[in-house]
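[1] build me a model:
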Amino acid sequence: MGETVDLSHAKQALQTIGISTAPVSTPTDSEQPFVATSTANQAEQFEDILHKIAPYFGVEPSAILGQSRIKELSQARQLAMYMAKTKFGRTLQRIGDYFGGRNHASVIYAIQICDQELQRQPQLRKFMQGL
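    Down below sits the predicted model:
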């Protein structure tokens, strides 16, 4: 214990495959006014996310939590996972659990897809900025 470990090779390997190693900035309290630590408040945050995203895709909020792979539901689910992580800082495990028991890799994939889509679709980006 107390030994220093050099992670420069790992950092370089991540950068080589296109994964950013830049520090992640944490939003200030004013940027995320709904962040809370109690389980009840977290459930309310997830519900809030569902009710904001569902109308954009023309789906029912409860359907987003299901296993359906219908395009609109999948996209709504991915965006909801993205929002849970980026706006509220929920853990990958907590997000996956809430969205039908999905594993952390599914949540990571959803976040990556949303990052790409937000860059490609100005209308979606505008919608998300309005939330």
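
[2] which helix or strand contains the residue most central in space within the chain?
    The centroid of the chain falls nearest to Y82 when counting by CA atoms, centre = their mean (2.1 Å). Using DSSP states H and E, the secondary-structure element containing Y82 is helix 71-86.

[3] in that helix, which residues are buried?
    Buried residues in helix 71-86, counting neighbours by 16 or more other CB atoms under 10 Å, are found at 73, 75-86. Glycine gets a C-beta too; all of them are placed from N, C-alpha and C.

[4] could you give the mean pLDDT of the helix or strand just after that helix?
    Reading on from helix 71-86 to the C-terminus, the next helix or strand found by DSSP H and E is helix 92-98. Confidence over helix 92-98, taken as the mean pLDDT, stands at 93.

[5] switch to numbering from 735
    Taking 735 as the first residue, the last one we looked at is helix 826-832.

[6] so what's the residue nearest to the centre of the chain up against?
    Y816 makes contact with A844, I845, C848, D849, according to CB atoms under 8 Å, 6 or more residues apart in numbering.

[7] now G830
    Going by CB under 8 Å, 6+ apart, the list of residues near G830 reads R836, N837, H838, S840, V841.

[8] so the last one touches L826, yeah?
    Spelled out, it's V841. Yes. With contacts counted by CB atoms under 8 Å, V841 reaches L826, the gap being 4.6 Å.

[9] shared neighbours, the two?
    Residues touching both V841 and L826 (CB under 8 Å, 6+ apart) are K819.
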